[in-house]
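Chemist: I would like the atomic coordinates for the input below:
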Amino acid sequence: MKPKTIFIIVILLLFGIIIIQNTEVAGFQLYFWKVEMSRAILLPIIFIAGLIIGFFGCLIMTKKK
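Modeler: Residues are numbered from 1 along each chain as shown. Take a look at the predicted model:
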């Protein structure tokens, strides 16, 4: 296997372990909107949002070159 594939698998395994260990409820507030949900749900949402932002950031940086 390629080193990049191994790295991605290790990161996903570590992310899975973190999700399993964080099952308690977490709340956050954005102005007047308050949400409470399990951290096991919140962490993947934030992770996916970060991937999307990083992907589009990479696209923007490569178009400038």
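Chemist: quick one: the helices in the protein, in order.
Modeler: Counting by DSSP state H, one finds helices in the chain at the ranges 3-21, 39-64.
Chemist: in a markdown table, list those along with mean neighbour count and distance to residue 27.
Modeler: To be clear about C-beta, it is placed using only N, CA and C from the backbone, and glycine gets the same treatment. As requested, these are arranged in a markdown table below (neighbours: other C-beta atoms under 10 Å; distance: least, C-beta to C-beta, whole Å):
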| stretch | mean neighbour count | distance to residue 27 |
| --- | --- | --- |
| helix 3-21 | 11 | 18 |
| helix 39-64 | 11 | 10 |
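Chemist: export these as TSV, with columns for distance to residue 33 and mean pLDDT.
Modeler: Formatted as TSV, the helices of the chain follow (distance: least, C-beta to C-beta, whole Å; pLDDT from 0 to 100):
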stretch	distance to residue 33	mean pLDDT
helix 3-21	24	88
helix 39-64	14	87
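Chemist: which one of those helices lies nearest to residue 32?
Modeler: Residue 32 lies closest, by C-beta to C-beta, to one member of the helices of the chain: helix 39-64, at 19.3 Å.
Chemist: report the central residue of the protein.
Modeler: Most central residue of the chain, judged by C-alpha distance to the mean C-alpha position with C-alpha atoms, centre = their mean, is residue 47 at 0.7 Å.
Chemist: and that one, how far from residue 26?
Modeler: 15 Å (C-beta to C-beta, to the nearest Å).
Chemist: how about residues contacting stretch 22-36?
Modeler: 37-40, 42-43 (C-beta atoms under 8 Å, 6 or more residues apart in numbering).
Chemist: tell me the mean pLDDT over it?
Modeler: Average pLDDT, stretch 22-36: 85.
Chemist: extract the CA atoms of it and return them as CSV.
Modeler: What follows is stretch 22-36, C-alpha atoms only, in CSV (Å, rounded to 0.1, in the frame of the first residue of the first chain):
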residue,chain,number,x,y,z
ASN,A,22,-16.9,11.3,23.3
THR,A,23,-20.5,10.2,23.7
GLU,A,24,-21.7,12.8,26.2
VAL,A,25,-23.9,15.7,25.2
ALA,A,26,-22.3,19.0,24.2
GLY,A,27,-24.1,22.3,23.7
PHE,A,28,-23.0,25.3,21.6
GLN,A,29,-24.6,28.7,21.0
LEU,A,30,-24.4,30.8,17.9
TYR,A,31,-26.1,34.2,18.6
PHE,A,32,-29.7,33.3,19.5
TRP,A,33,-29.5,29.7,18.3
LYS,A,34,-28.6,27.0,20.9
VAL,A,35,-28.0,23.4,20.0
GLU,A,36,-27.3,20.4,22.2
